[in-house]
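# Quick one, structure for this:
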Amino acid sequence: MRSVVQRVSRGAVRVDRQVVGEVGLGLVILLGVAEGDSSEDAAWTADKLAQLRIFEDEAGKMNRSVQDVGGSVLLVSQFTLLGDARKGNRPSFTGAAAPETASALYEEVAGLLRARGLPVATGVFRAHMEVELVNDGPVTLLLDSRR
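All right, here's what the predicted structure looks like:
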């Protein structure tokens, strides 16, 4: 399971020009589910995202998590994170999980984050989405449950 995690002051996702999810202070997370991912990957990912200390404390050090700052999460599915462009110029997506599996694991991550008390907004799985955000810092991290 791959994630691009961005610390934001605000973020929104639109489908057909309509806002379907938005957050203020928090995280915008692009989530890709790989072939072979399981509930273990979902649990590792949700735990890491909830506890990731990328918000500043009083001393200006990254010592606070999204939970610590009372932030929210905007979780957006993005299978293209599993794209492999090492050969040729068109990426291959054979490493991405089948849509049914990916959708279930994406929803599982969202549910696990909500179970931790985090407000979670989402995009629409398999829809063409427009994601807008203001990256705070900028702070952007890449996570992979298998590395």
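
# quick one: contacts for the residue most central in space within the chain?
Central residue of the chain (Cα atoms, centre = their mean): Ile29, 2.3 Å from the mean position. Neighbouring residues of Ile29 by Cβ atoms under 8 Å, 6 or more residues apart in numbering: Ser3, Val4, Val5, Gln6, Leu49, Val73, Leu74, Leu75, Val76. The way it works is simple: take the backbone N, C-alpha and C, and place the C-beta from them, glycine included.

# next one: Arg64
Contact criterion Cβ under 8 Å, 6+ apart gives Arg53, Ile54, Phe55, Glu56, Asp57 as the residues in contact with Arg64.

# who wins for neighbours among those residues?
If you count neighbours using other Cβ atoms under 10 Å, the busiest of the contacts of Arg64 is Phe55, which has 23 neighbours.

# Was I right to think that one contacts Ser65?
Yes - the criterion here is Cβ atoms under 8 Å, and Phe55 meets it with Ser65 at 6.8 Å.

# Rebuild the contacts of Arg64 as TSV, extending it with pLDDT.
Shown next, in TSV, are the contacts of Arg64 (pLDDT from 0 to 100):
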residue	pLDDT
Arg53	98
Ile54	97
Phe55	98
Glu56	96
Asp57	96
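
# So what's the gap between the helix ranked longest in the chain and the chain middle?
Criterion DSSP state H: the longest helix present in the chain is helix 99-115. Mean C-alpha position of helix 99-115 versus that of the full chain (Cα atoms, centre = their mean, to the nearest Å) differs by 11 Å.
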